[in-house]
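>>> Fold the following and give me the result.
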Amino acid sequence: MPETVPRIDDLRRDPRLRVSVPFPCGFARVGLSRWVAHEKTGFGVVYDLSVNGARVMSPLAMSIGDTLALSIRLPKQPSMMSVDATVRWHSEHTFGLEFVSLSQTAGQRLKKFLAQSGIYTALQA
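Below you'll find the predicted structure:
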């Protein structure tokens, strides 16, 4: 029998929400890459979101392993949320982020947003 390669969706720990209305985010490179990168800050659009990461489109080029300080304002929420994230994959102007540092408050807000979107119906906010 031929060995099958798992789909990326099968490798995810948490379900990912395709946001119905993509929303903007801001980011800045942190760590060593901020000193060697020509463009250190930028803006992007969040298309997919989970409790552990996001898919972002931006005109800035990213490399796997880049660490970003990400600012997100979730739809229908009044304040920004700060998250540290690492670039896990990239393709042209789209890249996948894994959240590596998320405050308890930010995590609760994110879970509440996802629950209201119907993806985490079992989670309590």
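>>> where's residue 100 relative to residue 68, distance?
Residue 100 sits 10 Å away from residue 68 when distances are taken as CB to CB, to the nearest Å. C-betas here are computed from N, CA, C, even on glycine.
>>> Which of the two has more residues huddled nearby?
residue 68 (27 against 13; other CB atoms under 10 Å).
>>> If you count neighbours, what's buried in the strand or helix carrying residue 98?
Following DSSP states H and E, the helix or strand that holds residue 98 is strand 94-102. Under the neighbour-count criterion of 16 or more other CB atoms under 10 Å, strand 94-102 has 94-97, 99, 102 buried.
>>> just checking, what packs against that strand?
Where contact means 3 or more CB pairs under 8 Å, 6 or more residues apart in numbering; DSSP states H and E, strand 94-102 is packed against strand 53-57, strand 67-72, strand 81-91.
>>> Quick check: bridge partners of residue 81?
Partner residues in beta bridges with residue 81: residue 72, with DSSP bridges as the criterion.
>>> got the CA positions of the longest helix seen in the chain in CSV?
Using DSSP state H to define each element, the chain has its longest helix at helix 104-116. Output for helix 104-116, consisting of C-alpha atoms alone and laid out as CSV, is shown next (Å, rounded to 0.1, in the frame of the first residue of the first chain):
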residue,chain,number,x,y,z
GLN,A,104,-4.2,35.0,29.5
THR,A,105,-6.5,37.9,28.7
ALA,A,106,-5.6,37.9,25.0
GLY,A,107,-6.1,34.1,24.9
GLN,A,108,-9.6,34.5,26.5
ARG,A,109,-10.6,37.2,24.0
LEU,A,110,-9.4,35.1,21.1
LYS,A,111,-11.3,32.0,22.4
LYS,A,112,-14.4,34.1,22.9
PHE,A,113,-14.2,35.5,19.3
LEU,A,114,-13.7,32.0,17.9
ALA,A,115,-16.6,30.6,20.0
GLN,A,116,-18.9,33.4,18.8
